[in-house]
Structure formats: C-alpha cells, structure tokens
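> Coordinates for the following, if possible.
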Amino acid sequence: MTPIIELGMTAKDTVTGFTGIVIAKYEYLYGCSHYFIQPKINDKRKIVEGQTLDEYQIEIIDTEKKCLPVYIMEVPIVELGVTAVDNLTGLVGVVMARYLFISGSVRYALQPEMEEGEEEYPKSFTCDGPHVEVIVNEDFKRSRNLCYHNGKYLSYICIFK
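Take a look at the predicted model:
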C-alpha cells in the first residue's frame, strides 16, 4: 500500500537516498502521481535542485509538516479527463494532469485534439487553475459521450433514471 504523502512532509527517494520536503503533487489522467521534493541548502549554502519522484519511490521519513500549504485562493478542482477551456488563451483540451503546489496554486495540463489536416499532435499546454473552466454544453457532451453524475464527469455512455 502506498503511504499517504502530503505537501510539507519530509520524504526520501528509496532508490538514491535523495531527501527533502514535498512541495508539489502532480496527478495524471491515467492514475500515476509524482511528487516534487526540494532539499535544504547544502553545506556551501547553495540551493540544491529538487527532483520529481514517482509516488512508489518515496518513503516518508517525517510526517511533521515543515511548512504548511498556503491556500491563497479557492480554486475549484477540475476532474482529470474532462474537456475544459483556458479562458485566458482560449485553448480547449482534455485535462490530462493536475499540479498542486505548497503555495496553494493549482495548474492544469490541457491536451488539445488533433484537427483535421494537422500532421502532428498539438503540444499540451499548462495553465493556471483560476482560468480553467469545464465545457458542459450539450452538443459538446454528446460528441464526447460526457455526462455529469453525482458531482463527476464520466467519459463513457451512461444512462441514469
């Protein structure tokens, strides 16, 4: 069983021994989660670059939170797998990842669909949480087989009575 990992805890990479504070959590559509670990300054008072680790590679060595997450603004959490728009840029895409930071900010990775005639898949785009809005118009939902039930968007055909 994977231990509960929370922002602010001290963690260790079980492979390399790299140790630091968990300052970010990255959640991806297909179920994996990664955490960004930031170590303290080294003996020469230099900042050491942090590392992103898979959740199964992390051992919590101290559950006391060294710094607590700060929630500056309340941003609704957007479910992974729904189609959303970044209201700042106008980009529309499927929400493929959610990034939660100890500063309280939330970012999302949107993956646009490939348009007819395009040769390459468009690159995903990361945007700030407050600008992301789920698209829920009926035509769009029907074209993607999206439906809303019990507070979640489901991406398969569903019939509720």
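
> Just give the nearest non-adjacent residue to L91, would you?
Spatial nearest neighbour of L91, chain neighbours left out: F125 (5.3 Å); criterion: C-beta to C-beta, 6 or more residues apart in numbering. For every residue, glycine as well, the C-beta is placed using N, CA and C.

> got the contact list for the one you found?
D86, T89, L91, G93, A109, L110, P112 (C-beta atoms under 8 Å, 6 or more residues apart in numbering).

> any idea how far I58 is from K25?
11 Å (C-beta to C-beta, to the nearest Å).

> Can you work out which residues contact both of the two?
I5, Y35.

> Compare neighbour counts for those two and give me the winner.
It is I58, of I58 and K25, that has more neighbours when counted by other C-beta atoms under 10 Å, with 23 against 18.

> now stretch 5-15, how far from the chain's geometric center?
Between the centre of stretch 5-15 and the centre of its chain there are 17 Å (C-alpha atoms, centre = their mean, to the nearest Å).

> Just the buried residues of that stretch, please?
I5, E6, L7, G8, M9, T10, A11, K12, D13 (16 or more other C-beta atoms under 10 Å).

> From those residues, which land in strands?
T10, A11, K12, D13 (DSSP state E).

> residue contacts, E133?
E133 touches A84, V85, N87, counting by C-beta under 8 Å, 6+ apart.

> State the distance from it to R107.
15 Å.

> What is the neighbour count of the closest residue to C32 other than its chain neighbours?
Closest residue to C32 apart from its sequence neighbours, by C-beta to C-beta, 6+ apart: D54 at 6.8 Å. Neighbour count of D54, defined by other C-beta under 10 Å: 12.

> okay, D54: pLDDT?
We have a pLDDT of 94 for D54.

> Could you say which helix or strand holds K123?
Using DSSP states H and E, K123 sits within no helix or strand.

> Same question for the one 10 residues further on.
Applying DSSP H and E as the criterion places E133 in strand 132-134.

> quick one: average confidence on that strand?
Rounded mean pLDDT across strand 132-134 is 84.

> From the chain's centroid, how far away is that strand?
For strand 132-134, the distance to the chain centre is 14 Å (C-alpha atoms, centre = their mean).

> So in that sheet, which strands flank that strand, and in what orientation?
strand 83-86 (antiparallel) (DSSP bridges).

> List the neighbours of the strand it pairs with that are in contact with it.
So strand 83-86 is contacted by 78, 91-95, 108, 110, 125, 127, 131-135, 140, 144, 146 (C-beta under 8 Å, 6+ apart).
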